[in-house]
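J.: Here is my input, please return the structure:
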Amino acid sequence: ESSSSGTAGSSGINELLSKPGPSSGTIAASAPATELLIYAASGGGGGGGPAPRHNPNSGGSGGAGLFGYYQVPISAPFSQPYAVGGAGSGGNPGNYNGPAGGAGGATSITNAFNINGGNGGNGGGNYNNGSPGSAGTASATDLEDSAAQGEPYRIVDGQCGKAGSVASAGVAGALVVYER
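T.: Next up, the predicted model:
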């Protein structure tokens, strides 16, 4: 849910949005606002499915979502679509080959930033383990800091962007936006 209180000005900071994924909508800043302060995490990828028949092999873990902090200059009127990435699905066990896990969803605000979700882990094969998925990536414009998930991010609703283990779903992303 979005909330806004007071009047944005040169020294005032107001929360515009705080959402766990998956979600989407439109975010609008007040007329005096000149900058968005954005804390965002993309969804974690799901783990690949194992291949338990004959020569059991494990699927690869999913790739972690990426956390990013952005300071984005804006001018009035500012109103843009946003998306908060969902979790990547886990791959089910297969007979000879396990399926790959699903990619985590991207978190973005149009014309401000984009953070891609972690990729799904590869499924296990009849004679080999699946490789892990790669971590999410971020647009560099206005990016102040970023980190691949080690400890789960705690920006909204507990964990955000955590990678899925073998055959398990990742964890959805989150988005918190302030105007200044």
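
J.: Could you list the low-pLDDT ranges of the chain?
T.: 1-11, 54, 148-158 (pLDDT under 70).

J.: mind listing what the residue nearest the centre of it touches?
T.: Geometric centre of the chain, nearest residue: residue 42, 0.8 Å, by Cα atoms, centre = their mean. Residue 42 sits next to 65-66, 85, 104-107, 115-118, 136, 161, 173 when contact means Cβ atoms under 8 Å, 6 or more residues apart in numbering. For the C-beta atoms, the positions are set from N, CA and C on the backbone; glycine is no exception.

J.: Go through these and name the one nearest residue 51.
T.: Using Cβ to Cβ, residue 118 comes nearest to residue 51 of these, at 21.8 Å.

J.: how much space between that closest one and residue 62?
T.: Separation of residue 118 from residue 62 (Cβ to Cβ, to the nearest Å): 6 Å.

J.: Tell me the residues that contact both of these two, please.
T.: With Cβ under 8 Å, 6+ apart, residue 118 and residue 62 have common neighbours 44, 45, 88, 104, 133, 163, 170.

J.: Any chance of these in CSV with secondary structure and distance to residue 32 as columns?
T.: Listed next are the shared contacts of residue 118 and residue 62 as CSV, based on DSSP: H, G, I helix; E, B strand; the rest coil; distance: Cβ to Cβ, whole Å:
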residue, secondary structure, distance to residue 32
44, coil, 37
45, coil, 40
88, coil, 39
104, coil, 35
133, coil, 43
163, coil, 40
170, coil, 38
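
J.: Out of these, the closest to residue 29 would be?
T.: residue 104 (27.1 Å).

J.: so that closest one touches residue 173, yeah?
T.: Yes: in terms of Cβ atoms under 8 Å, residue 104 counts as a neighbour of residue 173; the distance is 6.8 Å.

J.: more neighbours, the two?
T.: residue 104 (42 against 37; other Cβ atoms under 10 Å).

J.: OK, contacts around that one?
T.: Contacts of residue 104 by Cβ under 8 Å, 6+ apart are 42-46, 62-63, 65, 85-88, 117-119, 136, 161, 170, 172-173.

J.: Keep only those of the residues you listed that are in helices.
T.: With DSSP state H as the criterion, helices contain none of these.

J.: burial of residue 96, as a residue count?
T.: So residue 96, with other Cβ under 10 Å, has 14 neighbours.

J.: And residue 13, by the same measure?
T.: 13.

J.: thought it was touching residue 180?
T.: Yes: counting by Cβ under 8 Å, residue 13 touches residue 180, with 4.9 Å between them.

J.: Pull up the overlap in contacts between those two.
T.: residue 37.

J.: Mark which of the contacts of residue 42 are buried, thanks.
T.: Among these, those buried by neighbour count (16 or more other Cβ atoms under 10 Å) are 65-66, 85, 104-107, 115-118, 136, 161, 173.
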